[in-house]
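S.K.: Need coordinates for the below:
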Amino acid sequence: AVVSTQSTGNFRFPILKMKLTYLALLFACLSVALGQKKRLNKLKGEIAELEETFAAVMNDTSGSIEELQLAIDEVIGSINEMKAAQAQKDIDLAWQSLHMAAAAACRGSTPQGGKGPWSNSVVPKENGAKCIDQCKRNSDRTVCKAEVSLTGYPGKATSYTQKVGHFYNYECDGGWNEDINHN
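M.R.: Residues are numbered from 1 along each chain as shown. Below you'll find the predicted structure:
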C-alpha cells in the first residue's frame, strides 16, 4: 500500500492542532487558577487583618462600654441622692409652712398681739396637755398667751370661696379638743 504524504500530513495536523488547543487551554486554566489562588491568598490576608482590627475595636469598645455603664450608674446614684434630698426638703418646707401658720395664728390669738420688749415663741403642744403646763417646761418662755389648733388642706385653692383650712382657739388652762385629729 502506498501512503500519501499529503493525507498523512492532513491527518496529523488536526491532531496536533487539537493537542496545541488543549495545551493552550491547560495553560489558560493554570494561569487562571494561579491568579485565583493569589487573589484567594490576598483575600485571606485581608480577612485576617479585618479580624484583628475588629478584635481591637471590640476590646476598646468593651472598655468604653464598661466606663459608660459606670458613669451611668454614678449619674443614677446622684439622681437618686438628689431625689431623696429634695423629698426631705419638701418635708422640711411643709413643716416650715405649718410652723409659720402656727406663728401667725398665735399672733392673732394673743391678747394685745404679743406685746412687750421680747419676741414671742410658738411651740408644739402635746395632745392632752394643758398649754399652761407645756409652756412651763420651756426654760425661757414660761408664760402661755394662747393656744391654737390649725389644719390646712393640701393643694392650691381654685376659687376665692374654697376653704383652705380651719383653726381653733383655746384657753391656756384647758378647753382643748381631746381628739388628736382636732388638736
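S.K.: tell me the mean pLDDT for stretch 19-29?
M.R.: Over the span of stretch 19-29, the pLDDT mean works out to 78.
S.K.: Just give me how far it sits from the chain centre.
M.R.: Computed by CA atoms, centre = their mean, to the nearest Å, the separation of stretch 19-29 from the middle of its chain amounts to 73 Å.
S.K.: just stretch 144-155 next, same as before
M.R.: Taking mean C-alpha positions (CA atoms, centre = their mean), stretch 144-155 and its chain are 40 Å apart.
S.K.: okay, how far is it across that stretch, tip to tip?
M.R.: With CA to CA, to the nearest Å applied, stretch 144-155 spans 32 Å between its terminal residues.
S.K.: For it, buried residues please.
M.R.: Going by neighbour count (16 or more other CB atoms under 10 Å), the buried part of stretch 144-155 is 144-149. Quick note: C-beta positions are derived from backbone N, CA and C, even for glycine.
S.K.: which of those residues lies closest to residue 133?
M.R.: Taking CB to CB as the measure, residue 144 is the one of the buried residues of stretch 144-155 closest to residue 133, at 8.6 Å.
S.K.: Could you pull up the contacting residues of that closest one?
M.R.: Shown here is residue 144, whose contacts under the criterion CB atoms under 8 Å, 6 or more residues apart in numbering are 131-132, 134-135, 172.
S.K.: So which of those sit within helices?
M.R.: Members of the contacts of residue 144 lying in helices (criterion: DSSP state H): 131-132, 134-135.
S.K.: before we move on, back to that, select, from the buried residues of stretch 144-155, the two members most distant in space.
M.R.: Looking at the buried residues of stretch 144-155 by CB to CB, the two members farthest from one another are 145 and 149, with 15.3 Å of separation.
S.K.: Now the two most distant members of the contacts of residue 144.
M.R.: Among these, 134 and 172 lie farthest apart (CB to CB), at 9.2 Å.
S.K.: tell me the phi and psi of the most centrally placed residue in the chain?
M.R.: Within the chain, the residue whose C-alpha comes closest to the C-alpha centroid is residue 76; the distance, by CA atoms, centre = their mean, is 4.7 Å. For residue 76, the backbone dihedrals (degrees, to the nearest 10) come out as phi -60, psi -40.
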